[in-house]
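Asker: Fold the following, please.
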Amino acid sequence: LAAMAFHDALQTTLTAQYTYGRWRPVAAIHEGDNDSNPNMVADPTWNSLLGDAGTPPHPSYPSNASSISAAIAKTLELYYGTDNVSFQIDTGSTGVRSYPNFTSLANEVAKSRVFGGVHFPYEIVAGQKAGRDVAILLDSIPRLTSARSSESMMPVRSEDRSWSAKVGWFCMAMNIVGTP
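Answerer: Model (predicted):
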């Protein structure tokens, strides 16, 4: 389910990005003289902390990274029945990072996009909402069962034993992400 949530959240935000076509901070700062805000001054030499290689070459709203991290966090919360599962990640280069719950990692991922200079704050909020909504939608769909056994092909909570052969887990992206 986490892989499905990752994929569907990414498709949701990519669809929205090309629907709304919002510019990234680097473009807004470079082109500041060309918007309708008289208080904005362009700085064509500015670059994000992530540099050219770290700034994705596609529109900005909503944040993909925020959406997929929130989708996975929500999927894990729904699977375990709680968000309060502490864990650690060994990043290798920066050492071991500890998190008190799934949401704290998703929030860190989202904030890194603003701190890195590739998203505006409202874009990470929209991305996280889209990711959580995708996870909730996927969690509400009956699980696929094998034709050869009564065992589920996907992990399910013990109280969720209403098997169904019908699966329609594709979500409609534009019904989840709202207009910025």
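
Asker: Tell me, please, where in this structure the pLDDT is lower than the cut-off.
Answerer: Scanning the chain for pLDDT under 70 picks out 142-180.

Asker: same thing but at 50, please
Answerer: Residues of the chain that meet the criterion pLDDT under 50 lie in 145-179.

Asker: all helices of it, in order?
Answerer: 2-20, 25-30, 51-54, 64-80, 102-115, 121-139 (DSSP state H).

Asker: Counting by contacts, list what the first one packs against.
Answerer: Meaning helix 2-20. The helices and strands touching helix 2-20, judged by 3 or more Cβ pairs under 8 Å, 6 or more residues apart in numbering; DSSP states H and E, are helix 64-80, helix 121-139. Yep, even glycine has a C-beta here, placed from its N, CA and C like the rest.

Asker: and the most centrally placed residue in the chain, what does it touch?
Answerer: The centre of the chain sits closest to Ser67, judged by Cα atoms, centre = their mean, with a distance of 1.1 Å. Going by Cβ atoms under 8 Å, 6 or more residues apart in numbering, Ser67 touches Ala9, Leu10, Thr12, Thr13, Gly127, Gln128, Ala130, Gly131, Val134.
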